[in-house]
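K.L.:
return atomic coordinates for the entry below.
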Amino acid sequence: MKVIDNVVWIATEDGLYRADLLKQGGFSKPARVSEPVSASYLMHMNDSLSLLSTFDEEHYFVNLKNKTFEPLPFPINTVNSSYYSGENDIWLASNEGLILLQKNLFYPITTPDQQTFTEAITEDTVRYIIYHCTMGNLYKAKNSSINGGESTRVLSLPNGYFQALAYGSKGLWAANAFSVYLIVDDKISRQWDFESHGRFIHDIVLDNKENLWLSQAGNDQVTSISSNLEVKRYPVPLKSESVVNCVREGEKGIYVASNGADGYLFFKSHTESAFTNISIPVDFETHGDFNVTDIVTTDSLVWLATSEGLIRYNGHSLQRLDLGDAYSHLPVKTVKVLQPGYLLFNNSFGLFRYNIATNDYWRYDESNGLPSNTITTRGIYVDHHGRVWIGTSVGLALSNEPLMHDRTTLSPKFTSAKINGVEQMFTRGLKVPFGRVLHHQHVVYFFSVG
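P.N.:
Take a look at the predicted model:
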């Protein structure tokens, strides 16, 4: 039973009832406001929302003012009690054990063709529009979406293959198969065809002077379209069987990522006309061809997304990030700067946020609302609001808040123990027979969160 704003709410095995507190004392006759559910507990969360638990498997978010009931999207067997923490977490005491419910950090962006591989993402920061593409279609979503949203189709090229996007002052740039398109007001304004120079164009990027840099397999030159729409080419001393994976801008010039232990990184200053191999020996064991698929720079460091994990390059040495046995050696496809001092990158376990100064990291996956843990090669984008857009193998998702807003983890408190099967409570310490602490089969610890 709960009293909220002079109303008595009563959870019974026959449903949820309401009774008004009367000015002259007492309360009105209770009236049922729900279906006849076997209610066990009513937890008030905020002015508009409560959680009604039941002795069955279905439980409800309730708007007490509007008398609307929305079931939880999953069954939980018999919830006896619930608690709403200051961190906005919901704790449920159920027949399945203690269950923690947290608000999703990511929400899906729906498109007409659902569950489709997201190739690339970019943003028009003037009109607050996010563009993203699948193999066959280009979409846009209004960048004011909260808790998800919808995209509309802008352009379809049935015989094409969208792979990369970039947005600048001239409009939207899109790489599709062998061509690059300039799209203005959602219509193709101009096309450049590079079929005679190599295979598909799989990546494009704009530098701070609005030069567009192309990555094209089968081409040992890097092509750019200058700010005055002039095509320029710069030779790269690629090794045999190597390709240009991506081009990225740093503070002092342009980097090219490739594959091969002796030719994975190239550089040219803004004034030079050709790229130089700046790869240094890979001093750790590799599994197959060493492949660099993305680059980002912070201060004097270059961060490489590679087939051997996330690598720190300072011009003199390579250092693989130590993320423990589970994550350190997994391939990383893409890396981006979240904000100064923090990186975002992916591996097969999902999305990671990394603190450069402390080496701490946070992992986000399907349990946080991502459509899939498989994040695509151009599938991480940080918009000008600081929100993160994630392209996965089954669609696009958006963070509902900047990922820098950490949720505090509650500190566990030791409250009781079982010694040789006998539960013992304590307040001033606990006496344990000599040697028993070392034998875990005899000692079981219980923790409560406070």
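
K.L.:
could you use CA atoms for every contact and neighbour count after this?
P.N.:
Fine.

K.L.:
distance of the nearest residue to His44 once chain neighbours are set aside relative to Glu58?
P.N.:
By the measure of Cα to Cα, 6 or more residues apart in numbering, the closest residue to His44 outside its immediate chain neighbours is Ser50, 4.4 Å from it. For Ser50, the distance to Glu58 (Cα to Cα, to the nearest Å) stands at 15 Å.

K.L.:
how about Leu398?
P.N.:
28 Å.

K.L.:
so for those two, which sits in the more crowded spot?
P.N.:
Leu398 (25 against 20; other Cα atoms under 10 Å).

K.L.:
wait, a helix at that one?
P.N.:
No: counting by DSSP: H, G, I helix; E, B strand; the rest coil, Leu398 falls outside a helix, being strand.

K.L.:
contacting residues for it?
P.N.:
Phe106, Tyr107, Pro108, Ile109, Asn147, Gly148, Arg387, Val388, Trp389, Ile390 (Cα atoms under 8 Å, 6 or more residues apart in numbering).

K.L.:
that one bridge partners, please.
P.N.:
Using DSSP bridges, the bridge partners assigned to Leu398 are Tyr107, Trp389.

K.L.:
and the pLDDT at it?
P.N.:
Model confidence at Leu398, given as pLDDT, is 94.

K.L.:
and what of the one 10 residues further on?
P.N.:
Confidence at Thr408, expressed as pLDDT, is 52.

K.L.:
and for the one 5 residues further on?
P.N.:
Lys413 is assigned a pLDDT of 55 by the prediction.

K.L.:
now swap in Val184 and tell me
P.N.:
pLDDT, Val184: 96.

K.L.:
got the contact list for it?
P.N.:
Lys170, Gly171, Leu172.

K.L.:
could you do Ser226 as well?
P.N.:
Glu210, Asn211, Leu212, Lys232.

K.L.:
residues near the second one, how many?
P.N.:
By the criterion of other Cα under 10 Å, Asn211 has 19 neighbours.

K.L.:
now swap in the last one and tell me
P.N.:
With neighbours defined by other Cα under 10 Å, the count for Lys232 comes to 14.

K.L.:
right, and it touches Leu214 too?
P.N.:
No: here Lys232 does not reach Leu214: they are 10.5 Å apart, not a contact under Cα atoms under 8 Å.

K.L.:
so what sits against both of those two?
P.N.:
Joint contacts of Lys232 and Leu214 (Cα under 8 Å, 6+ apart) are Thr223, Ser224.

K.L.:
how about the secondary structure of Ser196?
P.N.:
Strictly by three-state DSSP, Ser196 counts as helix.

K.L.:
do you know the pLDDT at it?
P.N.:
93.

K.L.:
mind checking which of the contacts of Ser226 land in strands?
P.N.:
Among the contacts of Ser226, the ones falling in strands (DSSP state E) are Leu212, Lys232.

K.L.:
just give me the closest of the contacts of Ser226 to Leu157.
P.N.:
Minimum distance to Leu157 across the contacts of Ser226 is 21.7 Å, recorded for Leu212 (Cα to Cα).

K.L.:
and the closest one, how many neighbours does it have?
P.N.:
When neighbours are counted by other Cα under 10 Å, Leu212 comes out with 23.

K.L.:
so what's the closest residue to it other than its chain neighbours up against?
P.N.:
Using Cα to Cα, 6+ apart and skipping residues adjacent in sequence, the residue nearest Leu212 is Leu206, 4.5 Å away. Residues counted as contacts of Leu206 (Cα under 8 Å, 6+ apart) are Ala166, Tyr167, Gly168, Leu212, Trp213.

K.L.:
tally of neighbours for the residue nearest to the last one when sequence neighbours are not counted?
P.N.:
Ranked by Cα to Cα, 6+ apart and with sequence neighbours excluded, the top spatial neighbour of Trp213 is Ser224, at 4.4 Å. The number of residues packed near Ser224 is 20, by other Cα under 10 Å.

K.L.:
and Ser224, how close does it get to Glu272?
P.N.:
Relative to Glu272, and taking Cα to Cα, Ser224 is found at 14 Å.

K.L.:
go on, His197?
P.N.:
For His197, the distance to Glu272 - Cα to Cα - is 22 Å.

K.L.:
pLDDT weak spots in the stretch 101-250 of the chain?
P.N.:
114-115, 143-148 (pLDDT under 70).

K.L.:
try 90 this time
P.N.:
Scanning the stretch 101-250 of the chain for pLDDT under 90 picks out the ranges 101-105, 110-116, 128, 141-150, 157-160, 220, 240-241.

K.L.:
hang on, Phe178 packs against Gln191?
P.N.:
No: Phe178 is not in contact with Gln191 according to Cα under 8 Å; the separation is 10.4 Å.

K.L.:
more crowded one of those two?
P.N.:
Legend: neighbour count by other Cα under 10 Å for Phe178 and Gln191, higher for Phe178 (20 against 14).

K.L.:
in the stretch 151-300 of the chain, which spans are strands?
P.N.:
Here the stretch 151-300 of the chain has its strands, by DSSP state E, counting those that start in this stretch, at 152-156, 162-168, 171-176, 179-184, 187-193, 201-206, 212-216, 221-225, 231-235, 246-249, 253-257, 265-269, 276-277, 292-298.

K.L.:
what residues are up against Ser367?
P.N.:
Contacts of Ser367 by Cα under 8 Å, 6+ apart are Asn104.

K.L.:
can you check Leu304 too?
P.N.:
Counting by Cα under 8 Å, 6+ apart, Leu304 makes contact with Val292, Thr293, Asp294, Ile295, Val296, Leu310, Ile311, Arg312, Tyr313, Val335.

K.L.:
report the separation between the residue nearest to the fifth one when sequence neighbours are not counted and Ser85.
P.N.:
In space, and not counting its chain neighbours, Val296 is closest to Trp303: 5.3 Å by Cα to Cα, 6+ apart. In this structure, Trp303 and Ser85 are 38 Å apart, going by Cα to Cα.

K.L.:
counting neighbours, go ahead and name the busier of these two.
P.N.:
Trp303 (22 against 12).

K.L.:
wait, a strand at that one?
P.N.:
Yes: counting by three-state DSSP, Trp303 is found in a strand.

K.L.:
that older thread, neighbour count winner among His197 and Glu272?
P.N.:
His197 (15 against 12).

K.L.:
which residue comes closest to that one once chain neighbours are left out?
P.N.:
Counting by Cα to Cα, 6+ apart, the residue nearest His197 is Asn219, at 6.1 Å.

K.L.:
ok, that neighbour - contacts?
P.N.:
His197, Gly198, Arg199, Val243, Val244.

K.L.:
repeat that for Asn245.
P.N.:
His202, Asp203, Ser215, Gln216, Ala217, Val256, Ala257, Ser258, Asn259, Val292, Thr293, Asp294.

K.L.:
for Arg353, which residues make a bridge with it?
P.N.:
Going by DSSP bridges, Arg353 is paired in beta bridges with Leu344, Trp362.

K.L.:
all numbers from here: first residue = 37
P.N.:
Yep, numbering from 37; the last one is Arg389 now.
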